[in-house]
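> Okay, here's the prediction I keep looking at, along with the sequence it came from:
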Amino acid sequence: MVAASSGTDHCDGRQLQEESGRDCGKSCFGRDRMINVDPFDGLAAEYQQVDQVLAALKPHEWSARSAAAGWTVADTVLHLAQTEEFALASVRGTDADIPRRNGLSVDEAMDRLVVAERGASGTELLQRWRQASAATLAGLRACPEGARLHWVTVPLSSRTLAATRVAEHWAHLLDITEPLGMKYPDSDRLWLIARLAHRTLPYALASSGTEGGPVRCELVGPDGDLWLFGDETADSVIRGSAGEFCRVGAQRLKPEDTGLITQGPHAAKALQLVRNYAL
């Protein structure tokens, strides 16, 4: 999923934009190597790590409280299975299978779906998630270039939807593992999440009615690589740990509880509003 390279085909954050429905597939230059994170390979690796954690859960741990408010571990896995099924419906073009919110917020709608289907065993939930995730990954890989897939608010490319699924699984596995005292180590897949969060900053600012300008992110990955996103001439900059930046975007950390540094007129507000998903 992450490959070291000595080639010259690389790009800075200005090039990490979705063009004609396709994400940039080039590399982001770090301090001592180039990394290349393919969204589909990243999703496959995330699924593998999720599977290892879920398969190791003891029967009583499925009923333990997760860090997601009001949800047990089983509820959280049910939510992941449900949203994988929604992603698969989008890939297959059967959008009618994706529930409508009917005026509810995304969180409210998802909670209602979980409540409606509670009660399955851990074994049943794991099997449901495995079936949905395997089919989703295969479907995303097979999507024609330039295809736009229905999602919550706006159509997404298959590569962006893959990155969104990485972000959701990563966040909810933190919800599962941390209360249980289990490890879920950060990986270079955070590069996908950090890039997604950066690219959706204009939407986050506009949705909140906040005037903003270009924001650059200078983030340090788990292996010490420097990840650059955004215009290098931007006056507003967010600097620090990629892990902390992604946790803020997942609403698992508050900006003031991190070591992230903001500089310029828009960076602090952008850090308050950043989210790791494309709606």
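That came through fine.

> Okay, strands next: where are they in the chain?
Listed in chain order, the strands of the chain (DSSP state E) span 10-11, 27-29, 34-35, 215-220, 226-229, 236-241, 261-263.

> Figure out which of these is closest to residue 114.
With respect to residue 114, and counting by CB to CB, the nearest of the strands of the chain is strand 236-241 at 31.2 Å. Where C-beta positions appear, they are placed from N, C-alpha and C, glycine not excepted.

> Could I get the average pLDDT for the closest one?
Across strand 236-241, the average pLDDT comes to 97.

> helices or strands up against it?
Counting by 3 or more CB pairs under 8 Å, 6 or more residues apart in numbering; DSSP states H and E, the packing neighbours recorded for strand 236-241 are strand 215-220, strand 261-263, helix 267-273.

> Compile those into a markdown table and extend it with columns for mean neighbour count.
Below are the helices and strands packed on strand 236-241 laid out as a markdown table (neighbours: other CB atoms under 10 Å):
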| stretch | mean neighbour count |
| --- | --- |
| strand 215-220 | 23 |
| strand 261-263 | 15 |
| helix 267-273 | 20 |
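
> Identify whichever of the ones you listed lies nearest to residue 141.
Nearest to residue 141, of all these, is strand 215-220, at 27.6 Å by CB to CB.

> Pull up the pairing partners for that closest one, direction included.
strand 226-229 (antiparallel), strand 236-241 (parallel) (DSSP bridges).

> Using JSON lines, lay out the strands of the chain together with distance to residue 91.
Converted to JSON lines, those look like this (distance: least, CB to CB, whole Å):
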{"stretch": "strand 10-11", "distance to residue 91": "27"}
{"stretch": "strand 27-29", "distance to residue 91": "27"}
{"stretch": "strand 34-35", "distance to residue 91": "27"}
{"stretch": "strand 215-220", "distance to residue 91": "30"}
{"stretch": "strand 226-229", "distance to residue 91": "27"}
{"stretch": "strand 236-241", "distance to residue 91": "33"}
{"stretch": "strand 261-263", "distance to residue 91": "38"}
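
> Among these, which comes closest to residue 177?
strand 236-241 (18.7 Å).

> Residues touching the closest one, excluding its own?
Applying CB atoms under 8 Å, 6 or more residues apart in numbering, the contact partners of strand 236-241 are 212-220, 245, 258-267, 270-271.

> What of stretch 46-64?
Contacts of stretch 46-64 (CB under 8 Å, 6+ apart): 72-74, 77, 80, 121-122, 125-126, 129-130, 133-134, 137, 165-166, 169-170, 173, 176-177, 179-180, 182, 184, 187, 189.

> Quick one, which of those are buried?
Those of the contacts of stretch 46-64 that meet the buried threshold are 72-74, 77, 80, 122, 125-126, 129-130, 133, 137, 165-166, 169-170, 173, 176-177, 180, 184, 187, 189, by 16 or more other CB atoms under 10 Å.
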